[in-house]
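Engineer: take a look and give me a structure for this.
(2 chains)
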Amino acid sequence: MPKELWKGNEAIAEAAVRAGLEAYFGYPITPQTEVLEYLSRRMPELGRAFVQAESELGAVNMVYGAACTGVRVMSSSSSPGVSLMMEGLSYIAGTEVPAVLVNVMRGGPGLGNIAPAQSDYNQAVHGGGHGDYPRIVLAPASVQEAIDLTVLSFDLAEKYRMITMLILDGAIGQMMEPAEMPEMKPVHRQDFDWATNATMGKRERRLLTSIYLNPLDEEQTNLRLLNRWKEVQANEVRYKEYFIDDAEIVIVGFGTAGRVALSAVRTAREQGIKVGLLRPITVSPFPTERLSQLTGQARAFLVTEMNMGQMLDDVQLTVRGRVPVEFYGRPGGVVPFPDEILNEIKRINSAPTAGHTDARDAWLTRMTAQV
Amino acid sequence: MQKEIIIAGFGGQGVLFGGQVLAYAAMDTGKDVTWIPSYGPEMRGGTANCTVVIADHEIGSPLVKNPPLAIALNLPSFDKYESLLAAGGTLIVNQSMVDRSAQRNDIHVIMVPCNEIAEEIGDKKLMNMVAMGALLSALPEVSVKDVEKALEGHLPARHKHLLPKNYEALKRGFEHAQKEWDKVPA
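Structural biologist: Numbering: from 1, shown residues only, chains lettered A, B, ... in the order given. So this is what the prediction gives:
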């Protein structure tokens, strides 16, 4: 297919349609609304289900119901709306049904603002709903990647019977880039052996539930989820590297923060600084193994995020003090410019870091002096 | 090669569409390109802007602090981007909407009476294409022909009858800017 100029949000919507999305339930919220708006036109055109629910609570529970029947289903929202969905997400996880949720993140907490942010990393990767459950989280950094990962998210959700989230910030949702859409696939409803999709009197009844009143049964369920997660960790880690071969300073950044860092890396390279970029595409599962390998090569890591240092904790857990880790973040809906990250690269390059200072504390001190 | 362009003006002046046409032209000639709008509440009645980045490699940041190229279609945008423009850069200013001359002397400021030229062509809405034509005089990576083709290829069918006037607007803007460049001492 030839490349077309696609807006991130609309590209995600069309990619989902082409991946066989049969039902969408959502509620408008900036900077995500174009996903819903696009599908409100496109889904009825194809005779598929579109519902603008009464709220995000309604939407996520409609997703839950549809997911139990084994159809491809998704919702999308932005930070405050995703918070409302967390109870439903936990039920979906506990019931072990596949569902896709897109979070086009904005500045927070609370009502916050509608500017691009990565403030929901922890909610998506570590927290959110209650209970012990793993989930897959994909972080596109371009419109093309948003398309590809939307398609992948349905496959992963079904393969592992697991929630798959796409987290992107408002910038990727709103921007246009040339991108190639996949071919339109006919809806292929898989005959899952767990789906409650009507027996038609031809088979045994099935039961889907997240209730395990006997703690030993719940424990078995938790362990089953963890074993499945081990497979995800072994098979589904994805990342992209730039200028990494001889890099002595390695930046770790995802989504927009990652691509802004790429601009800084290019300029630093022109100035002879050996710096590279590791951009996680799956933030859950995290590229732990690769990052761990890089501790043998890098003399410092710089984590860049559009938050107060959420992925930073995962990097530090992996690096385990073997190499100094530094942090640069812009929270609240501020997108860093490349020169800010370039300044950090130069600082680290010229003055070896102590390594025993807390990365977030050191950043906060520098920010306080600056702002 | 990488070039960043900011187009700014009032909502309704065709700021976002102008940027998209430029993005299409860049894409159709095989370049990587990003287009990103200001999408905040300022869209509703206030100033609007978009940033277009054109490159021959994978584009990093879609936003730029000090662009080498900008179009200011109104006075608030002139005030804002005259100070933000990178030294040596070029700022295309819609002269019809500003009441002052340039203050910086380390950038090129090209004044174009976009509204008047558009009205001469017969449609004041073409003002953004006049400015676009002027911009192309400082952006050799994209030609007037490339933008014409982009308009032809991507303008909705119901607007196809407007193509000749759009071409005229691009040409007039480009020519006006060329004359301004001729006045710049070598």
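
Engineer: from chain B, which residue is nearest to chain A?
Structural biologist: Proximity of chain B to chain A (CB to the nearest CB) peaks at B:Gly60, 3.2 Å away. In this view, the C-beta of every residue, glycine as well, is placed from N, C-alpha and C.

Engineer: quick check, A:Val60 in a helix?
Structural biologist: Yes: assigned with DSSP: H, G, I helix; E, B strand; the rest coil, A:Val60 falls within a helix.

Engineer: what is the top helix by length along chain B packed up against?
Structural biologist: When chain B is scanned for its longest helix (criterion: DSSP state H), the result is helix B:163-183. With contacts defined as 3 or more CB pairs under 8 Å, 6 or more residues apart in numbering or on different chains; DSSP states H and E, the packing partners of helix B:163-183 are strand B:108-112, helix B:114-121, helix B:127-136, helix B:144-154.

Engineer: just to check, B:Asp146 is in contact with B:Asp28?
Structural biologist: Yes: checked against CB atoms under 8 Å, the pair B:Asp146 and B:Asp28 is within contact range at 6.8 Å.

Engineer: ok so, going back, contact partners for the residue of chain B closest to chain A?
Structural biologist: Shown in contact with B:Gly60 (CB atoms under 8 Å, 6 or more residues apart in numbering or on different chains): A:259-266, A:338.

Engineer: could you rerun that using 7 Å?
Structural biologist: By CB atoms under 7 Å, 6 or more residues apart in numbering or on different chains, the residues touching B:Gly60 are A:259-260, A:262-263, A:266, A:338.

Engineer: out of these, which sit inside strands?
Structural biologist: Nothing among the contacts of B:Gly60 maps onto strands, per DSSP state E.

Engineer: got the residue ranges for the strands in the stretch 201-350 of chain A?
Structural biologist: Using DSSP state E, counting those that start in this stretch, the strands found in the stretch 201-350 of chain A span residues A:239-242, A:249-252, A:275-280, A:282-284, A:300-305, A:325-329.

Engineer: okay, those strands in CSV with mean neighbour count, distance to chain B and mean pLDDT next?
Structural biologist: Listed next are those as CSV, based on neighbours: other CB atoms under 10 Å in any protein chain shown; distance: least, CB to the nearest CB, whole Å; pLDDT from 0 to 100:
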stretch, mean neighbour count, distance to chain B, mean pLDDT
strand A:239-242, 17, 8, 98
strand A:249-252, 28, 11, 98
strand A:275-280, 25, 9, 98
strand A:282-284, 23, 19, 98
strand A:300-305, 26, 11, 97
strand A:325-329, 25, 14, 96
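
Engineer: now tabulate the ones you listed in CSV and tack on distance to A:His126.
Structural biologist: CSV is the format used below for those (distance: least, CB to CB, whole Å):
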stretch, distance to A:His126
strand A:239-242, 19
strand A:249-252, 17
strand A:275-280, 14
strand A:282-284, 8
strand A:300-305, 14
strand A:325-329, 17
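
Engineer: to A:Leu89, which of those lies closest?
Structural biologist: Counting by CB to CB, A:Leu89 lies closest to strand A:282-284 out of the strands of the stretch 201-350 of chain A; the figure is 13.5 Å.

Engineer: give me the sheet partners of the closest one and which way each runs.
Structural biologist: strand A:136-138 (antiparallel) (DSSP bridges).

Engineer: tell me which residues are up against the partner strand.
Structural biologist: With CB under 7 Å, 6+ apart, strand A:136-138 has contacts from A:124-125, A:149, A:153, A:156, A:162, A:164-167, A:232, A:236, A:281-284.

Engineer: narrow these to those in helices?
Structural biologist: A:124-125, A:149, A:153, A:156, A:232.

Engineer: which among those residues gets closest to chain B?
Structural biologist: Scanning the ones in helices among the contacts of strand A:136-138 for proximity to chain B, where the rule is CB to the nearest CB, the winner is A:Leu149, at 16.6 Å.

Engineer: contact partners for that closest one?
Structural biologist: A:138, A:140, A:166.

Engineer: between these, which is nearest chain B?
Structural biologist: Nearest member of the contacts of A:Leu149 to chain B, counting by CB to the nearest CB, is A:Pro140, at 13.2 Å.

Engineer: any idea how far the closest residue to that closest one other than its chain neighbours is from A:Asp169?
Structural biologist: Among residues not flanking A:Pro140 along the chain, A:Ala146 sits closest, at 4.0 Å (CB to CB, 6 or more residues apart in numbering or on different chains). Shown here: A:Ala146 relative to A:Asp169, a distance of 11 Å by CB to CB, to the nearest Å.

Engineer: more crowded one of these two?
Structural biologist: A:Asp169 (33 against 28; other CB atoms under 10 Å in any protein chain shown).

Engineer: quick check: phi and psi at the more buried one.
Structural biologist: Dihedral pair for A:Asp169: phi -90, psi 170, per degrees, to the nearest 10.

Engineer: tell me who's in contact with A:Leu225.
Structural biologist: Applying CB under 7 Å, 6+ apart, the residues near A:Leu225 are A:133-134.

Engineer: quick one on the thing from earlier: and which of the contacts of B:Gly60 is nearest A:Ala300?
Structural biologist: A:Leu262 (18.0 Å).

Engineer: surely that closest one touches A:Tyr242?
Structural biologist: Yes: A:Leu262 lies in contact with A:Tyr242 (CB atoms under 7 Å); the separation is 5.7 Å.

Engineer: regarding the residue of chain B closest to chain A, what is its secondary structure?
Structural biologist: B:Gly60 - assigned by three-state DSSP - is coil.

Engineer: interface residues of the stretch 151-300 of chain A facing chain B?
Structural biologist: A:171, A:174-178, A:259-260, A:262-263, A:266 (CB under 7 Å from any CB of the partner chain).

Engineer: how about those in JSON lines, adding neighbour count and pLDDT?
Structural biologist: Converted to JSON lines, these look like this (neighbours: other CB atoms under 10 Å in any protein chain shown; pLDDT from 0 to 100):
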{"residue": "A:Ala171", "neighbour count": "28", "pLDDT": "95"}
{"residue": "A:Gln174", "neighbour count": "24", "pLDDT": "95"}
{"residue": "A:Met175", "neighbour count": "28", "pLDDT": "97"}
{"residue": "A:Met176", "neighbour count": "27", "pLDDT": "98"}
{"residue": "A:Glu177", "neighbour count": "28", "pLDDT": "98"}
{"residue": "A:Pro178", "neighbour count": "23", "pLDDT": "97"}
{"residue": "A:Arg259", "neighbour count": "25", "pLDDT": "98"}
{"residue": "A:Val260", "neighbour count": "26", "pLDDT": "98"}
{"residue": "A:Leu262", "neighbour count": "23", "pLDDT": "98"}
{"residue": "A:Ser263", "neighbour count": "23", "pLDDT": "98"}
{"residue": "A:Arg266", "neighbour count": "19", "pLDDT": "97"}
